[in-house]
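1. With the input below, show me the fold.
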Amino acid sequence: MVSSNFSVALDVGGTFTDVVLVDMSIGRRWTIKTPSTPHNPAEAFFSGIEKIIRLADIEASDVSRVFHGSTIATNAVLEGKGASIGMLITNGFKYVLEIGRHDIPRKENLYTWVKPARPIRPRHIREVRERVAVDGSIELQIEPQDVHDACEYFKSLDIEAIAVIFLHSYLNPENEKETLRLVKELLPGVLVSISSDVLPVFREYERAMATTLNAYVSPKVSTYISELHSGMSSQGIDAPLLIMKSNGGVFGPEEAARQSIDLALSGPAAGIVGACDIALNSGTLDAITVDIGGTSADISLIRNGLATMTNEGEIGPFPIHLPTVDIHTIGAGGGSIASVSPEGILTVGPASAGASPGPACYGKGGKSPTVTDANLVLGRIPPHLLDGEVPLNVELAEQAIVEAVARPLGLSLIAAAAGILDIVNNNMVGALKVVSVEKGYDPTEFVLIAYGGAGPMHASELSRHLGTRGVLIPHFPGVLCATGLLASDLQYDFVRTCLQRASNYDLEAIKKVLVELSIHANQKLAVENVKPSDRETTCFADIRYAKQGYELTVPFSRQDLDQHVIDELIDEFHARHQQLYTFCDRSADVEIVNIRVKAIGHIDKVKLGPLSQADIEKAISHTKRSVFFPTLGFIDTPVYRREKLLAGQRITGPGIVDQPDSTTVIFPGEQGVVDTYGSIYIEQQ
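-> So this is what the prediction gives:
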């Protein structure tokens, strides 16, 4: 009898959509990659489901749960294609977004940097009379007539969503909630975001930006989710839809439509969750992760088996200050375009050929050479992708590289292709140092986990430049973001500003905030039908030295919160400050700024069984192809099929491991060993 307990996970990327189907009863897994459809992401979603169901030979009704990672919110912000929105803000604070912070991105020039356009026009911002004092007391109730006049104005502009941002509402949301009620009465079809729900912490600019962006993307996200629901029903799938958040957890569609900004780093966050799972299975607690796809490279850090988090996330140039997996992204991927500047300098990225027209070798009209074209010319990838679904034309790749790079620089075809890879690898090494060296970590103590369609091709060179202990390539590296979705739990973050001097803190006030946040957390999990035995909460405090403008987040135990716990909390803050900034001042006054509670609802997961153990240690290749390696030139290199490799087998470099979703390059002087769960660990011999 066929099981009816199948979970499907889909990660829609810029170039490919990754799909994984798992039979939860026996742990069997099916994977595919299918081209994304940027003009309509839902098209690739439904195409992926249809293909994976056909591959597994099951019925749509057998699917019991659907997980999804999406770039819909991120793309809306980065491309400036969000909704037409309005804003209601406290009288006198109309220009809080325009004023912002008086700093510029670290890589920009003070004299040439131009402040990016805000996601809302100033004429769409209306001030209203209300005021909450700094202690949370109501000095002035909301003036209903101001809200009525603003709504009439917004109606004439066909506004799709409204952001409500009042001063000090994080201490007392009464005026914002009353405004929400009034707006829903006056404009029933308009979506409303209030700052006390989106980000209830101090700092007006960041709170205003997060709320504005939530309003900006929520109509598009809501429409997209509705489209997914109706399409799933049409396909015969009657299963809950769970959507990946930027904090590494998942939530339901209703919450996703309300708190749409939480989808900001949806896809990359799933990859980190999957990498943590791979790391733990392989006995690796500390790792640097690099996810190289078609458009970008997403880089993060795993410490003690857990993803590193940040409360200072960004979407493009905009801060959101919501809890997110700490990911550093650069424009370096398989589709990154190589070009020569007027000064004769070879650059690679951030512009990408994307899924359409794609690299020149796709034969879909792309004329610009890309990283994929260079890898093809150097023999590192086969003359087709996805087991023949995407044929590659090496002549078109050679022509593009010669015309755009080799000829302008006076180089041979091979030197130009190798130069493209050198440049993109150097770009990624710099980004890898941002998450490691710049944060006080020594890369030599870490393993590099490389995934994404292009990650395993570049991993060895990145590891050698960075000096990591070795490289770990997951069993299915090209679809790890989709696999990570299946390893995720329901997760919600709750936060409230509770400014306290550690030398004179109010313990009862901290306890009160903790109790209230914990109640909210359990209520949220109860709504999601999570049993008490499957619930987990963790507490954190944002701490800083007095008068600093930034905080460090430190975990602590809620149980028996007393002077001893506070002392331990402060000691841990000093230690973390020392690690990150190379100094600490134990005599300085310390402030507790925000209290946070993370609520997790554990979801049943499948435990994938180990690979069969090999009878012979040496892996057997099935063919050879000519592959270029620096200083050695082209070498006839053994090619191995990933699905033929068994646990315990060794590959002595040079070697190529082909599989439908990716290609792994093992350099001369390296050795790869297949571990119990199918990952390949590569290190210098």
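2. State the distance from the residue nearest to Q563 when sequence neighbours are not counted to V134.
-> Excluding the flanking residues, the one nearest Q563 by Cβ to Cβ, 6 or more residues apart in numbering is L507, at 7.8 Å. Using the backbone N, CA and C atoms, a C-beta is placed for each residue, glycine as well. Applying Cβ to Cβ, to the nearest Å, the value for L507 to V134 is 22 Å.
3. any low-confidence regions in the stretch 51-200 of the chain?
-> Residues of the stretch 51-200 of the chain meeting the criterion pLDDT under 70: 106-108, 110.
4. domain assignment for the protein?
-> As assigned by automatic domain parsing, the chain contains the domains 6-76+223-263, 82-213, 490-601, 623-684.
5. got a markdown table for those, with distance to I330 and mean neighbour count too?
-> Formatted as a markdown table, the domains of the chain follow (distance: least, Cβ to Cβ, whole Å; neighbours: other Cβ atoms under 10 Å):
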| stretch | distance to I330 | mean neighbour count |
| --- | --- | --- |
| domain 6-76+223-263 | 14 | 21 |
| domain 82-213 | 10 | 18 |
| domain 490-601 | 22 | 16 |
| domain 623-684 | 20 | 18 |
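6. Tabulate these (TSV), appending distance to V377.
-> Converted to TSV, the domains of the chain look like this (distance: least, Cβ to Cβ, whole Å):
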stretch	distance to V377
domain 6-76+223-263	19
domain 82-213	30
domain 490-601	42
domain 623-684	8
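7. And the next helix or strand past the least confident helix or strand in the chain by mean pLDDT?
-> Across the helices and strands of the chain, mean pLDDT, DSSP states H and E gives its lowest value to strand 384-385, namely a mean of 78. The first helix or strand that comes after strand 384-385 along the chain, using DSSP states H and E, is strand 390-391.
8. For that following strand, give the mean pLDDT please.
-> Here strand 390-391 scores 82 as its mean pLDDT.
9. tell me what it is packed against?
-> Helices and strands touching strand 390-391, by 3 or more Cβ pairs under 8 Å, 6 or more residues apart in numbering; DSSP states H and E: there are none.
10. That strand pairs with which strands, and in what direction?
-> Strand 390-391 sits in its sheet next to strand 384-385 (antiparallel), going by DSSP bridges.
11. Is the residue most central in space within the chain in a helix, a strand, or coil?
-> Using Cα atoms, centre = their mean, the residue of the chain that lies closest to the mean C-alpha position is P268, 2.8 Å off. When classified by DSSP: H, G, I helix; E, B strand; the rest coil, P268 comes out as helix.
12. Now it: closest residue in space, sequence neighbours ignored.
-> With Cβ to Cβ, 6+ apart, the residue lying closest to P268 is D298, at 4.1 Å.
13. Same question for I288.
-> Leaving aside its chain neighbours, I288 sits nearest to F446 (4.9 Å; criterion: Cβ to Cβ, 6+ apart).
14. I'd like to know how many residues surround the one you found.
-> Residues lying near F446 (other Cβ atoms under 10 Å) number 25.
15. Now do the contacts for it.
-> Contacts for F446 were tallied using Cβ atoms under 8 Å, 6 or more residues apart in numbering; they are D286, A287, I288, L301, S436, T468, R469.
16. Which one, of the domains of the chain, ends up nearest to G453?
-> domain 623-684 (5.3 Å; Cβ to Cβ).
17. how distant is that closest one from the center of its chain?
-> Remark: domain 623-684 is offset 28 Å from the chain centroid, using Cα atoms, centre = their mean, to the nearest Å.
18. Repeat that for stretch 317-335.
-> Worked out by Cα atoms, centre = their mean, stretch 317-335 lies 7 Å from the chain centre.
19. For it, buried residues please.
-> The neighbour-count check on stretch 317-335 (16 or more other Cβ atoms under 10 Å) flags 318-335 as buried.
20. what about S460, distance to A297?
-> 15 Å.
21. more crowded one of those two?
-> A297 (29 against 25).
22. low-confidence ranges in the protein?
-> Within the chain, the segments meeting pLDDT under 70 span 1-4, 106-108, 110, 387-388, 559-560, 615-616.
23. just checking, what's the longest helix in it?
-> helix 204-234 (DSSP state H).
24. Tell me the helix or strand right after that one.
-> Per DSSP H and E, the first helix or strand lying C-terminal to helix 204-234 is strand 241-244.
25. hang on, the earlier thing: wait, the residue nearest to the centre of the chain touches V325, no?
-> Yes. Counting by Cβ atoms under 8 Å, V325 is a contact partner of P268 at 7.3 Å.
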